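1. Any chance you can model this:
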Amino acid sequence: MKVDCFSIPARTMTTWTAKLSSIAALLVFAGCVFPVRAQTAAGEDNFITIESDMQSADNITGVVTAIGNVRIVYPPRGIVSTSRQAQYFSREEKLVLSGDVDLVRDDGNSIRAERLTYNLDDEHALANPIPGQQVQSILLLKQSPDAQTPLTP
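-> Numbers count the residues shown, from 1 in each chain. Model prediction:
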């Protein structure tokens, strides 16, 4: 299905907000704004917002692909990320970001990599650098109140 965006300028970024566990149909968006909002069974918001130059979603494969200037906001997990491309695999509950990936959590933790695979079920992430370079992570380490004094020689 091709979407005609006659009232929106051609360089407008695509925005798509959807519940992560459902994809409605085969869609291709180019330069349009299509917000979609869904509710979880408990009635709480559980949505992700994906902004990019182009997006496609395929209900048969369960894959959503965003290409060009990708920005993802996932409030339930406190995540904001940018990359050149992102793919959400609904059946595996997996998000794959590639190209200048920068992911920041609201707790202050962040990671920079060339490719990041993030499992939404268990919040496990695997980051890969550009060949010959390194992944950079900034982690906020919380000290427990009953932590012992540092070891001394």
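2. Wait, residue 97 touches residue 81, no?
-> Yes: using C-beta atoms under 8 Å, residue 97 is in contact with residue 81, at 6.0 Å. Any C-beta I mention is one placed from the backbone N, CA and C, and that applies to glycine too.
3. which neighbours do those two share?
-> Common neighbours of residue 97 and residue 81 (criterion: C-beta atoms under 8 Å, 6 or more residues apart in numbering): 70, 72, 103, 116.
4. Doesn't the third one belong to a strand?
-> By that I understand residue 103. Yes: applying DSSP: H, G, I helix; E, B strand; the rest coil, one finds residue 103 inside a strand.
5. Grab the nearest non-local neighbour of it.
-> residue 81 (4.0 Å; C-beta to C-beta, 6 or more residues apart in numbering).
6. The second one now?
-> Distance criterion C-beta to C-beta, 6+ apart; nearest residue to residue 72, sequence neighbours excluded, is residue 81 at 4.8 Å.
7. quick one: average pLDDT of stretch 111-128?
-> Average pLDDT, stretch 111-128: 92.
8. what sits up against that stretch?
-> Residues contacting stretch 111-128 (C-beta under 8 Å, 6+ apart): 20, 77, 81, 83, 92-103, 129-130, 133, 135-138.
9. wait, residue 101 sits on residue 79?
-> No: with contact defined as C-beta under 8 Å, residue 101 and residue 79 do not form a contacting pair (11.9 Å).
10. between the two, which one's more packed in?
-> Legend: neighbour count by other C-beta atoms under 10 Å for residue 101 and residue 79, higher for residue 101 (24 against 19).
11. what are the bridge partners for the more buried one, then?
-> Beta-bridge partners for residue 101, by DSSP bridges, are residue 113.
12. need the contact list for it.
-> So residue 101 contacts 81, 82, 83, 111, 112, 113, 114, 115, 116, 127 (C-beta under 8 Å, 6+ apart).
13. could you redo the last one with a cut-off of 7 Å?
-> With contact taken as C-beta atoms under 7 Å, 6 or more residues apart in numbering, residue 101 is in contact with 81, 83, 112, 113, 114, 115, 116.
14. Over to residue 65?
-> Here residue 65 is in contact with 55, 56, 87 (criterion: C-beta under 7 Å, 6+ apart).
15. Could you pull up phi and psi at the first one?
-> So that's residue 55. phi -140, psi 150 (degrees, to the nearest 10).
16. That concludes my questions; thank you for your assistance.
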